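> Model the following, please.
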Amino acid sequence: MNPINFLVAAGLVHSVLFFFNVMFRSCSHIPYLLFLENTGLEVKTFSIKWFTGALNRPLVKWGTSRSKFWMLWFNLGVVVTIVLLPVASFILIKMIVVMFLSGPKGDKVEVTWELEPMIPGVNVPFADIQYYAITLGLCSIVHEAGHALAAAREDVQLYGVGMLLVYIVPMAFVSLNSEQLSQRPMQNQLRILCAGIWHNIVLAVIAAVGVFISPWLWAPMFSVNAGVVVTSIQSYSPLVGATGLNHYDVIHRINDCPVRNSNDWHDCILQAVKQSTPGYCVSQSLVQEHDESIPVWTMANGEVNCCRRESEADGKLCFEVIEESQVPLQLQEHSCLPTRLIIERSRGRCRSGHQCSETETHCMKPTLDNVTKIVQIKREMGKDVLFFGYPAEIYRTVEISEWVPKYPIFSSDLPESVTLLCKYITVISAGLAMMNVVPCFFFDGQHIVSTLTQNLLRPRIRHKSLRQAIALTVTSIGSLVIVINVINAFVQRQR
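Model prediction:
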């Protein structure tokens, strides 16, 4: 589904639900309120909340079974989280220092790490909004499941779990008995508080491994680094037509640039944009046989032409002889020749006449402007596709996949979607873990720092209020660091 249509449909669904919610609350409020209470639903403007205690028993059962495993699991999570806390804080502080060192004039300082919030339509392709929403929901569920299982393991009362859908962004949450949590020993509290961050780290590692081993997993059905396959062509693309590209064409080369994967596809098109149109080493007899030139005339854009309009419609272009010495008498300076025939029967590309070493061959270059290029696209089946125009149009109007099916029954959409989803999970889950561990208000880092401060400083600082003040100061500094980095990321994006 088109992303715009998806957002519009989501807005209509929210509007309809909100309308019926208001109507039922006014007309048949008692049965409707009972329905909401029994199902745990709550409908608000562009948001739907669901809360239930039905999952408490299974969560408690899972958390208390295999107690030794869960203890080792969550203890490892505590160690990893405590190690990550100063690392993440140092990275964010370093980014602020680098930002100030860059100076008001925007002098560039090399940055190893950079905070960049992922926003659809800004730095996340809007077409990938469904992957973005699914990833946020999955990361949130895994995060909260960690807190719930750890709380069950530490015998902290679990009130329930729920989901909150804000427009199209799903988020999970867990309700615990905070008084019981605060009364547990420090190690037990940390197992619960660090469990969400730990689960996000594990999820990011699993997704990253999935991306890494995906070529081997899909090897029986798909080839990787063996070209790219065309998955979609826009209807307005200049490559649409009988002699153009087709769906499922496998492309191996653009001009002389080999195409093995999507990175090569981008680089080869960029190379075609930057380089000037080459000439072709053509035999003298071929030129004399197919020449249909007329007296040379100059077009409005400054391009030299020697072809009739009907000849151009048949795929002919005006070619110029490129020679260092005087032009041979056997050939005139400009010739109107069939482009495909010249390219297919050429004996190599050339930039000057001396590059055509064979006898009676000449370097013939199309007389095109600086923007218009001839791009030769070599595909696995069928004739080469010749594109006349600005090469960037190829990149804008043709979608490709580097997953080349070995058999016609398979589509590249499945491995492409799964791999892309794994990439989003890796980046977003790791990012959420890094942000959550920093001591910041409303983040897990706030409660982790508070617990550590209250317990580790108790032998030296007897007053609880003073320990709370220290934790509050650290959390305020962490919050300020995050806010500055986020603002700086948006400012840099606007430049």
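
> Distance of the nearest residue to Ser411 once chain neighbours are set aside relative to Ile201?
Taking CB to CB, 6 or more residues apart in numbering as the measure, Ser411 lies nearest to Pro405, with 6.9 Å between them; neighbours along the chain are not counted. Every residue, glycine included, has its C-beta placed from N, CA and C. Applying CB to CB, to the nearest Å, one obtains 35 Å for the distance of Pro405 from Ile201.

> And for Ile470?
For Ile470, the distance to Ile201 - CB to CB - is 27 Å.

> Neighbour count for these two, which is higher?
Just comparing Ile470 and Ile201: by other CB atoms under 10 Å the higher neighbour count belongs to Ile201, 20 against 15.

> Show the contacting residues for that one.
Applying CB atoms under 8 Å, 6 or more residues apart in numbering, one finds that Ile201 lies in contact with 80, 84, 429-430, 433.

> Of these - the most surrounded one?
Neighbours here mean other CB under 10 Å. Within these, the largest count is held by Ser429, at 27 neighbours.

> ok, that residue touching Gly210?
No. In terms of CB atoms under 8 Å, Ser429 does not count as a neighbour of Gly210; the distance is 12.0 Å.

> Now the contacts of Ile201 in a markdown table, please, with extra columns for distance to Tyr132.
Below are these laid out as a markdown table (distance: CB to CB, whole Å):
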| residue | distance to Tyr132 |
| --- | --- |
| Val80 | 26 |
| Leu84 | 24 |
| Ser429 | 13 |
| Ala430 | 15 |
| Ala433 | 17 |
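
> And those residues, which is closest to Arg345?
The nearest member of these to Arg345, counting by CB to CB, is Ala430 at 54.3 Å.

> which residues sit against the helix or strand containing that closest one?
Secondary structure from DSSP states H and E places Ala430 in helix 413-437. The set of residues that contact helix 413-437 without belonging to it, under CB under 8 Å, 6+ apart, is 81, 84-85, 88, 91, 118, 128, 131-132, 134-136, 138-139, 142-143, 196-197, 200-201, 203-204, 207-208, 210-211, 214, 218, 221-222, 231, 401, 403, 443-445, 448, 482.

> among those, which ones are buried?
Among the contacts of helix 413-437, those classed as buried by neighbour count (16 or more other CB atoms under 10 Å) are 81, 84-85, 88, 91, 128, 131-132, 135-136, 138-139, 142-143, 196-197, 200-201, 203-204, 207-208, 210-211, 214, 218, 221-222, 231, 401, 403, 443-445, 448, 482.

> Narrow the residues you listed to those in strands?
Assigned to strands by DSSP state E, the following of the buried ones among the contacts of helix 413-437 qualify: 222, 231, 401.

> so who does the second one touch?
Contacts of Thr231 were listed using CB under 8 Å, 6+ apart, and they are 247-248, 399-401, 412-413, 416.

> Most neighbours among these, which one is it?
Counting by other CB under 10 Å, top hit in the contacts of Thr231: Ile400 with 26 neighbours.

> what sits against it?
Going by CB under 8 Å, 6+ apart, the list of residues near Ile400 reads 228-231, 251, 262, 265.

> does it have beta-bridge partners, and which?
Legend: beta-bridge partners of Ile400 under DSSP bridges are Val230.

> what about it, distance to Gln275?
Computed as CB to CB, the Ile400 to Gln275 distance reads 21 Å.

> Can you pull out the low-pLDDT segments for this protein?
1-3, 28, 102-124, 301, 324-330, 493-495 (pLDDT under 70).

> domain ranges for it?
The record's domain split for the chain, according to automatic domain parsing, is 3-45, 57-216+425-494, 228-416.

> Could you say which one of the ones you listed comes nearest to Phe51?
From these, taking CB to CB, the stretch that ends up closest is domain 57-216+425-494, at 3.6 Å.

> and Leu85, what does it touch?
By CB under 8 Å, 6+ apart, Leu85 lies in contact with 437-439, 445, 448-449.

> Give the helix, strand or coil label for Gly6.
Small correction: residue 6 is Phe, not Gly. Under the three-state scheme (DSSP: H, G, I helix; E, B strand; the rest coil), the conformation of Phe6 reads as helix.

> ugh, typo on my part, it should be Phe388
Using three-state DSSP, the three-state assignment for Phe388 comes out as strand.

> and it, how many residues sit next to it?
Phe388 is flanked by 15 other residues according to other CB under 10 Å.

> so it touches Ile377, yeah?
No. Using CB under 8 Å, Phe388 is not in contact with Ile377; the gap is 11.9 Å.

> list the buried ones in the longest helix anywhere in the chain?
Criterion DSSP state H: the longest helix present in the chain is helix 67-101. For helix 67-101, the buried set under the neighbour-count rule, 16+ other CB under 10 Å, comprises 70, 73-74, 77-78, 80-81, 84-85, 88-89, 91-93, 95, 98-99.

> Pull the distance from it to the chain's centre.
For helix 67-101, the distance from its own C-alpha centre to the chain's C-alpha centre is 25 Å (CA atoms, centre = their mean, to the nearest Å).

> quick one on the thing from earlier: can you pull the contacts of the residue nearest to Ser411?
With CB under 8 Å, 6+ apart as the criterion, the residues that contact Pro405 are 221-222, 229, 248, 411-412.

> Ramachandran coordinates for it?
Here the main-chain torsion angles of Pro405 (degrees, to the nearest 10) amount to phi -70, psi 140.

> Please identify the helix or strand for the residue lying closest to Ser276 once chain neighbours are set aside.
Spatial nearest neighbour of Ser276, excluding adjacent residues (CB to CB, 6+ apart): Asn370 at 7.5 Å. Secondary structure from DSSP H and E places Asn370 outside every helix and strand.
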